[in-house]
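Engineer: I'd like to go over a predicted model; first the sequence, then the structure.
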Amino acid sequence: MKRRRSKNQRSKKLQTILDQHCLWVESTGKQGERARLLYNDLRGANLAGVNLQGAILNYADLRGVSLEGANLQDANLQDANLAGANLRDANLEGAALRRANLENANLRDAKIQSTYFAGANLQGANLQGVNFNRVHFLYANLQDVNLRGANFNDIGLQDAKLVLARLQRERAERKAVEDARLINRVKGFITNNLLIHAIFYSFVFCGIVAFIEYMKQ
């Protein structure tokens, strides 16, 4: 009971912070208060569609949190943990995500422009359909990312270029292995079928020979 009450209190406190932040954004800082959620544990929170423009979320724990369609423009998410988070259709324009953990996060169709991913971990992240424009990936980990349908324009890859090159090479190698396996399966299928046919026709031939010998008697 106490645990539930404590959770409800945290939820109300968070909602108050979000309401004040929204007012701060809409009034261009004249009213309300900027959200300062650094080091906060926000796991379990539903932040889908929430306006967090310019919010301070350094070191925040956002693992598995839904931020679908959220406005994170110019937000500070440095060193934040966003592993497994849903950021689909989120606005990350101008957001700072240096050293952030975005492993297996979903950023499909997110708005990513002038965004800083320097040193970020994006391993296994879904970046499908993203239009990258003036994005910084210095020392970022881009292994196993899904870049299907993604477009790149004026991006600062530097060391990340090496990762992308390795990624493309690994994909090419995996494809080559898969193609080789497919060819071997086809060869095996053909070989097995030829063997079956050979055995069948051997039996037929033997049957014909036996029949001819019988008719000679």
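Structural biologist: Structure's in. What do you need?
Engineer: and G129, how many neighbours does it have?
Structural biologist: Each residue near G129 was counted by other C-beta atoms under 10 Å, and the total is 17. C-beta here means a position set from N, CA and C on the backbone, and glycine is covered the same way.
Engineer: which of the three states applies to it?
Structural biologist: coil (DSSP: H, G, I helix; E, B strand; the rest coil).
Engineer: per-residue pLDDT, Y116?
Structural biologist: With respect to pLDDT, Y116 has a value of 94.
Engineer: what bits of the protein have low per-residue confidence?
Structural biologist: Low-confidence segments of the chain (pLDDT under 70): 1-8, 154, 156-172, 179, 182-183, 186-217.
Engineer: ok, now with 80
Structural biologist: Scanning the chain with the threshold set as pLDDT under 80 gives 1-10, 152-217.
Engineer: now do the helices in it.
Structural biologist: Taking DSSP state H as the criterion, the chain carries its helices at 2-26, 159-216.
Engineer: run a quick neighbour tally on the closest residue to A55 other than its chain neighbours.
Structural biologist: Nearest in space to A55, with sequence neighbours left out and distances taken as C-beta to C-beta, 6 or more residues apart in numbering, is A35 at 4.1 Å. Other residues within reach of A35, judged by other C-beta under 10 Å, total 25.
Engineer: G44: neighbour count?
Structural biologist: Residue neighbour count, defined by other C-beta under 10 Å, stands at 12 for G44.
Engineer: oops, could you answer that again for R36 instead?
Structural biologist: Counted with other C-beta under 10 Å, the neighbours of R36 add up to 14.
Engineer: number of nearby residues for the nearest residue to it once chain neighbours are set aside?
Structural biologist: Spatially, and ignoring its direct neighbours in sequence, R36 is nearest to I56 (4.7 Å; C-beta to C-beta, 6+ apart). By the criterion of other C-beta under 10 Å, I56 has 18 neighbours.
Engineer: what do you get for the one 5 residues further on?
Structural biologist: By the measure other C-beta under 10 Å, the count of residues near D61 is 18.
Engineer: in the sheet, who's paired with it?
Structural biologist: When assigned by DSSP bridges, D61 has beta-bridge partners D41, N81.
Engineer: contacts only, for it.
Structural biologist: The neighbours of D61, taking C-beta atoms under 8 Å, 6 or more residues apart in numbering as the test, are 40-43, 80-81.
Engineer: now, which of the residues you listed sits nearest F137?
Structural biologist: Of all the contacts of D61, F137 sits closest to A80, with 17.0 Å by C-beta to C-beta.
Engineer: ends of stretch 50-66, how far apart?
Structural biologist: Using C-alpha to C-alpha, to the nearest Å, one end of stretch 50-66 lies 10 Å from the other.
Engineer: offset the numbering so it begins at 31, please.
Structural biologist: I'll keep to 31 as the first residue from here, and by that count the last item is stretch 80-96.
Engineer: what residues sit buried inside it?
Structural biologist: 80-96 (16 or more other C-beta atoms under 10 Å).
Engineer: coming back round to it: dump the contacts of D91 to JSON lines, plus neighbour count.
Structural biologist: JSON lines is the format used below for these (neighbours: other C-beta atoms under 10 Å):
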{"residue": "N70", "neighbour count": "20"}
{"residue": "D71", "neighbour count": "13"}
{"residue": "L72", "neighbour count": "21"}
{"residue": "R73", "neighbour count": "13"}
{"residue": "A110", "neighbour count": "29"}
{"residue": "N111", "neighbour count": "22"}
